[in-house]
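> just coords:
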């Protein structure tokens, strides 16, 4: 039995994260009923992105050019380098903070059991960069998970061995959160790391 | 400032129902990181579907051929015609029931305020079909909403005037539901329409 185009479309939509059979059906019908032009634009953007988006050779972030716009910019402070796990983390920091330094995207975290070691994270590239001497501070912004912390520890050693000061993001209570609902680990850490209130 | 391909992709993904900026970002990164082939397949399926999927000239459902496979099939019972609001409703009935008749997809419901009248729902096509004399029963499977009920009423009159018996789906308690959590309207209807328990 041949599979109809509509069934092929529904099946293809399931490649998207968090999209199951029902959502895929709803998406397909929505596009066909109300968004044919949007569907065509999406097809073009997808086809072009899958072909042309590669990795920046300097920071390993996604980029359609050999050097991403951030790495190519002369307006960024090359003395500050921020290491993140994923491009999404990089984007989050870029959007939330006024950070004007450069990034290094690990594209993962150390996870020996999954076969992800220093080589897979491009740490040779990072080490080489730290040896160039321009970077003064390596801001390690890996996730506060077990693997993220292990990666942070490794990166800090890597930096120190090359005379670069490592730092990491502060842990504590999230802003606007309620103490009552903060998890115990965070609360305990925030309590232990309390800071003096200055006049 | 030029918009990067990645930003174009994220923007294009927002055409999907229920997908905002954050989900679109997650989808784009997921495809780029782990599903390039899936992304390419999706691009192809989308491009082809948006171009080639039209409407069946007999039942108005989506179809890539002039007559959809169901309408073209000689194995279906042409005496039973089931009118539904959307292709998704048609699919739900086809998957849930053993219905072997044919369908008529309104592609909407009567809604004079939105400018949706009998013409927009293809009711001239439906009337013509009922006049052909082959259909004996018109199963009206519009949604149990105010507009759906109004549409059902209209379709029932249309059928009766052409000697076709209209019927509609039963209302009552959903199977497996708990009485306590059923909405008042449904419970009241189910109570009033109680049926005798036969031996």
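Received it, and whenever you're ready, just let me know what you need. Treat the numbers as computed from the prediction; the structure is a model and nothing was measured.

> show me the contacts for the residue positioned nearest the centre of chain A.
To find the centre residue of chain A, average its C-alpha atoms and take the closest one (Cα atoms, centre = their mean): that gives residue A:86, at 2.2 Å. The contact partners of residue A:86, taken as Cβ atoms under 8 Å, 6 or more residues apart in numbering or on different chains, are A:105-108, B:29, B:33. C-beta: built from backbone N, CA, C; applies to glycine.

> give me that answer again for 10 Å
Taking Cβ atoms under 10 Å, 6 or more residues apart in numbering or on different chains, we find residue A:86 in contact with A:61-62, A:92, A:105-109, A:142-143, B:29, B:33.

> and the next element down the chain from the longest helix anywhere in chain A?
Among the elements of type helix in chain A, defined by DSSP state H, the one spanning the most residues is helix A:36-52. On the C-terminal side of helix A:36-52, the nearest following helix or strand under DSSP states H and E is strand A:54-55.

> helices or strands up against that next one?
strand A:62-63 (3 or more Cβ pairs under 10 Å, 6 or more residues apart in numbering or on different chains; DSSP states H and E).

> do the strand it packs on and chain B meet?
Yes - between strand A:62-63 and chain B, judged by Cβ under 10 Å from any Cβ of the partner chain, the touching residues are A:62-63.

> who does that strand pair up with?
Here strand A:62-63 has these sheet partners by DSSP bridges: strand A:54-55 (antiparallel).

> low-confidence ranges, chain A, go.
Within chain A, the segments meeting pLDDT under 70 span A:1-2.

> helix or strand right after the lengthiest strand in chain A?
When secondary structure is assigned using DSSP state E, the longest strand within chain A turns out to be strand A:77-84. Later in the chain than strand A:77-84, the nearest helix or strand by DSSP H and E is helix A:87-96.

> how far away from the center of its chain is the helix or strand just after that following helix?
If you walk from helix A:87-96 toward the C-terminus, the next helix or strand you reach (DSSP H and E) is strand A:101-105. Here the centre of strand A:101-105 is set off from its chain's centre by 11 Å, with Cα atoms, centre = their mean, to the nearest Å.

> then stretch A:158-169?
With Cα atoms, centre = their mean, you get 20 Å for stretch A:158-169.

> what do you get for stretch A:125-144?
Computed by Cα atoms, centre = their mean, the separation of stretch A:125-144 from the middle of its chain amounts to 16 Å.

> compute the first-to-last residue distance for that stretch.
Between the opening and closing residues of stretch A:125-144 we find a distance of 24 Å, counting by Cα to Cα, to the nearest Å.

> what residues sit buried inside it?
Judged by neighbour count (16 or more other Cβ atoms under 10 Å in any protein chain shown), stretch A:125-144 contains these buried residues: A:126, A:129-130, A:135, A:138-143.

> so where do the helices sit in chain A?
Assignment of helices within chain A using DSSP H yields the ranges A:5-13, A:21-34, A:36-52, A:69-72, A:87-96, A:123-131, A:146-160, A:184-192.

> what is the burial count for the residue nearest to residue A:48 when sequence neighbours are not counted?
Closest residue to residue A:48 in three dimensions, ignoring its sequence neighbours and counting by Cβ to Cβ, 6 or more residues apart in numbering or on different chains: residue B:5, at 6.2 Å. Neighbourhood size, residue B:5 [other Cβ atoms under 10 Å in any protein chain shown]: 19.

> what does residue A:194 give?
By the criterion of other Cβ under 10 Å, residue A:194 has 8 neighbours.

> tell me the contacts of it?
residue A:172.

> distance of it relative to residue A:48?
The spacing between residue A:194 and residue A:48, counted by Cβ to Cβ, to the nearest Å, is 51 Å.

> and what of residue A:79?
Plainly put, residue A:79 is 36 Å away from residue A:48 if you go by Cβ to Cβ.

> just residue A:161 next, same as before
Where residue A:48 is concerned, residue A:161 sits at a distance of 42 Å (Cβ to Cβ).

> ditto for residue A:87
Using Cβ to Cβ, one gets 18 Å for the distance from residue A:87 to residue A:48.

> so for the two, which sits in the more crowded spot?
The residue with more neighbours, out of residue A:87 and residue A:48, is residue A:87; 25 against 15, by other Cβ under 10 Å.

> so the more buried one touches residue B:25, yeah?
Yes - under the criterion of Cβ atoms under 10 Å, residue A:87 makes contact with residue B:25 at 9.2 Å.

> quick check: domain ranges of chain A?
Under the assignment automatic domain parsing, the domains of chain A span A:13-52, A:77-168, A:171-199.

> tell me who's in contact with residue A:134.
If a contact means Cβ under 10 Å, 6+ apart, then residue A:134 has A:78-79, A:81, A:102, A:164 as its contacts.

> how far away is it from residue A:194?
Relative to residue A:194, residue A:134 is positioned 36 Å away (Cβ to Cβ).

> tilt between the longest strand of chain A and strand A:101-105?
Between the direction of strand A:77-84 and that of strand A:101-105, the angle (axes from the mean of the first three to the mean of the last three Cα atoms, to 10 degrees) works out to 30 degrees.

> strand A:77-84 packs against which elements?
Helices and strands touching strand A:77-84, as assessed by 3+ Cβ pairs under 10 Å, 6+ apart, comprise helix A:87-96, strand A:101-105, helix A:123-131, strand A:137-141, helix A:146-160, strand A:165-168.

> dump those into a markdown table; add distance to chain B as well.
A markdown table is the format used below for the helices and strands packed on strand A:77-84 (distance: least, Cβ to the nearest Cβ, whole Å):
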| stretch | distance to chain B |
| --- | --- |
| helix A:87-96 | 5 |
| strand A:101-105 | 11 |
| helix A:123-131 | 18 |
| strand A:137-141 | 17 |
| helix A:146-160 | 17 |
| strand A:165-168 | 23 |
